[in-house]
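# sequence and predicted structure, then a few things I'm wondering about:
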Amino acid sequence: MTIAQHIVEKATQTGQTVTTAESCTGGMVAAAITDIAGSSAAFERGFVTYSNLAKTEMLGVSPATLEAHGAVSEEVAREMAMGARGAARANVAVAISGIAGPGGSEFKPEGRVCYGLATANGVTTQTIDHGALGRAEVRAAARDHALRLLMSGLG
């Protein structure tokens, strides 16, 4: 059984819903969940907010936070997760913002991904440097990590 299948099963059994706020993964987490038959019981909507404007308009991310920390930051991931959870009226939300590549900078290298997980108990964030694996591999690693976070958020 895949992690996405576990998420759908656990959420359905416990009457919870999940949502996603994705930037560098472009909807890959939502796609993994909705690939599962019966996922509509646990997943109603997700948000692909690739641009800063989308992050502010759809998720309520503060322009001041974006200006101060940049899109690839735990601060922005926190606001993305909180905004998605509220907008979707979901129990658990995961947010992803990162540098899939190619490229990056000295301060934000390729493969750096910031995550946020919002539940009724609050929001946790983390940054993982997946490494310069190449665009597809960074995105896949981010998707898989986000799915594990969602599963952990379901209790």
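Received, thanks.

# C-alpha from now on. contacts and neighbour counts both.
Will do.

# so who does the residue of the chain positioned farthest from its centre touch?
When each C-alpha in the chain is compared with the mean C-alpha position (CA atoms, centre = their mean), E106 comes out farthest, at 23.8 Å. By CA atoms under 8 Å, 6 or more residues apart in numbering, the contact list for E106 is empty.

# helix/strand/coil for it?
Assigned with DSSP: H, G, I helix; E, B strand; the rest coil, E106 falls in the coil class.

# which helix in the protein runs the most residues?
Ranked by residue count and defined by DSSP state H, the top helix of the chain is helix 135-153.

# ok, and what's touching that helix?
3-4, 6-7, 18, 24-25, 28-29, 92-96, 100-102, 111, 113, 115, 117-119, 130-132.

# just those residues: which are in strands?
Among the contacts of helix 135-153, the members falling in strands (DSSP state E) are 18, 92-96, 113, 115, 117-119.

# show me what contacts the most centrally placed residue in the chain?
Nearest residue to the geometric centre of the chain (CA atoms, centre = their mean): A95, 2.5 Å. Applying CA under 8 Å, 6+ apart to A95 gives the contacts 20-22, 77-78, 80-81, 84, 115-117, 146.

# go on, G15?
Contacts of G15 (CA under 8 Å, 6+ apart): A42.

# beta partners of V18?
F43, V92 (DSSP bridges).

# could you do the one 4 residues further on as well?
For E22, the beta-bridge assignment (DSSP bridges) gives partners V48, I96.

# how near is A37 to E44?
13 Å (CA to CA, to the nearest Å).

# out of these two, which sits in the busier spot?
Per other CA atoms under 10 Å, whichever of A37 and E44 has more neighbours is E44, with 15 against 10.

# residue contacts, the more buried one?
17-19, 88.

# highest neighbour count among the residues you listed?
V18 (31 neighbours).

# tell me what the host helix or strand of I33 is packed against?
Using DSSP states H and E, I33 maps to helix 28-34. Judged by 3 or more CA pairs under 8 Å, 6 or more residues apart in numbering; DSSP states H and E, helix 28-34 is in contact with helix 3-14, strand 18-22, helix 135-153.

# what's the angle between the shortest one and helix 135-153?
Angle between the axes of strand 18-22 and helix 135-153 is 150 degrees (criterion: axes from the mean of the first three to the mean of the last three CA atoms, to 10 degrees).

# what's the span of stretch 101-117 from first residue to last?
Stretch 101-117 end-to-end distance (CA to CA) = 23 Å.
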